[in-house]
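Undergrad: Sequence first, then the predicted structure, then my questions.
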Amino acid sequence: MKKKELIFITSILAAALLLWGVMFLLRKGDYGSVRITVNGEEYGTYSLSQDQVISIGETNVCEIRDGQIKMTEADCPDHLCIKQKAVGSSGGTIVCLPNKVVIEGVKAAGSEDISSEFDTAV
Amino acid sequence: MNHKKTAYLGLFAAIAIIFGYVESLIPFFAGIPGMKLGLANLAVLFILEKYSWKEAALVSTVRILVIGFLFGNMFSILYSLAGAALSLTVMTLMKRFSSFSILGVSVAGGVSHNIGQLIVASLIVENTSLLYYAPVLLISGVATGLLIGFLTGEITKRIRL
């Protein structure tokens, strides 16, 4: 490998680490709830402290249990969203690309969500 | 295009499709969407080395369409095309205008592939929170780029067309 290539590769890695650091600082905090968006539009915000099963449209089902949310069902062929890491108090994102569903942690602001009419029975 | 070349390109397209299938069987996932080994890029990079970007683009497109219709859907095709197009463009430019060896070219391709897919994915779900995956995808692009570049280099040395 040439010296130029080594510099190129090192600078990509350095940029990635720097970006990582910045994002880590930006995202630090206590995440108390999650926001679910479908097609870029908000579907609902749910508290992580309340165990429940949420069906997102007719395509996906996610479950909040023990302060964490996981995607449990999806009608897409690859099921990548089900394998993604649960979103808990340290935040994170779960994405289902084919159905355009995004679940993301929202920092706790002390306010409870009032969107319970969207919930389905457990 | 002579007959020999047509036959070779068909062969490489078949190899790329099989690589794509094999890759879908490997659970190389680690909780990050879009993290893949990029085995199919082995064939594309090899063609780029032996022929030119035109042949590589042809094989790449055939592969994505076939894999997409067999195992994916409209989204996965769109998504793969974006990554492959950006990656091939960057690799072609790098090959022509930089003094990089196949390793550097492959790393540039891997990284730009991941960036392209991430951008398309963000546009599709209309949500910027996906960009949080950028650092991990940059690093995985470098790692898989190095591996694929090394393998393609070894194969290029051994196979004469």
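TA: Cool, the structure landed. A quick note: this is a predicted structure, and the numbers were derived from the prediction, not measured.
Undergrad: Tell me, how many residues neighbour residue B:134?
TA: Around residue B:134 there are 19 other residues, counting by other C-beta atoms under 10 Å in any protein chain shown. The C-beta positions use only the backbone N, C-alpha and C, and glycine is treated the same way.
Undergrad: Run the chain-centre distance for the helix or strand bottoming out on mean pLDDT in chain A.
TA: Every helix and strand of chain A was ranked by mean pLDDT, DSSP states H and E. The lowest is helix A:80-83, at a mean of 80. Helix A:80-83 has its C-alpha centroid displaced from the chain centroid by 11 Å (C-alpha atoms, centre = their mean, to the nearest Å).
Undergrad: who does that helix touch, helix- and strand-wise?
TA: Helices and strands touching helix A:80-83, by 3 or more C-beta pairs under 8 Å, 6 or more residues apart in numbering or on different chains; DSSP states H and E, are strand A:68-74, strand A:93-96.
Undergrad: Now tabulate these in CSV and tack on mean neighbour count.
TA: Formatted as CSV, the helices and strands packed on helix A:80-83 follow (neighbours: other C-beta atoms under 10 Å in any protein chain shown):
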stretch, mean neighbour count
strand A:68-74, 19
strand A:93-96, 24
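Undergrad: can you list the ones you listed in JSON lines and add distance to chain B and mean pLDDT?
TA: Shown next, in JSON lines, are the helices and strands packed on helix A:80-83 (distance: least, C-beta to the nearest C-beta, whole Å; pLDDT from 0 to 100):
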{"stretch": "strand A:68-74", "distance to chain B": "11", "mean pLDDT": "89"}
{"stretch": "strand A:93-96", "distance to chain B": "5", "mean pLDDT": "86"}
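Undergrad: Turn these into JSON lines, including distance to residue B:108.
TA: Formatted as JSON lines, the helices and strands packed on helix A:80-83 follow (distance: least, C-beta to C-beta, whole Å):
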{"stretch": "strand A:68-74", "distance to residue B:108": "34"}
{"stretch": "strand A:93-96", "distance to residue B:108": "26"}
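Undergrad: How many residues are close by residue B:96?
TA: Neighbour count of residue B:96, defined by other C-beta under 10 Å: 8.
Undergrad: Quick check: it vs residue B:57, distance?
TA: 15 Å (C-beta to C-beta, to the nearest Å).
Undergrad: Which one of the residues in chain A is closest to chain B?
TA: residue A:40 (2.7 Å; C-beta to the nearest C-beta).
Undergrad: contacting residues for the closest residue to chain A within chain B?
TA: Among all residues of chain B, residue B:126 sits closest to chain A, at 2.7 Å; criterion: C-beta to the nearest C-beta. For residue B:126, the contact set (C-beta atoms under 8 Å, 6 or more residues apart in numbering or on different chains) comprises A:37, A:39, A:40, A:100.
Undergrad: Can you go through those and name the buried ones?
TA: Among the contacts of residue B:126, those classed as buried by neighbour count (16 or more other C-beta atoms under 10 Å in any protein chain shown) are A:37, A:100.
Undergrad: Any residues of chain B in contact with chain A? List them.
TA: Counting by C-beta under 8 Å from any C-beta of the partner chain, the residues of chain B close to chain A are B:29, B:31, B:33, B:71-73, B:75-76, B:79, B:98-101, B:103-104, B:107-108, B:111, B:121, B:124-127, B:129-130, B:132-136, B:138-139, B:141-142, B:146.
Undergrad: In ChimeraX, how would I select just the buried ones from those?
TA: Those of the residues of chain B next to chain A that count as buried under 16+ other C-beta under 10 Å are selected in ChimeraX with:
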select /B:33,72,75,76,79,100,103,104,107,108,111,121,124,125,127,129,130,132,133,134,135,136,138,139,141,142,146
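Undergrad: any weak-confidence spans in chain B?
TA: B:1, B:27-34 (pLDDT under 70).
Undergrad: now with 90?
TA: B:1-3, B:19-41, B:67-80, B:82-83, B:98-99, B:116-134, B:136-137, B:159-161 (pLDDT under 90).
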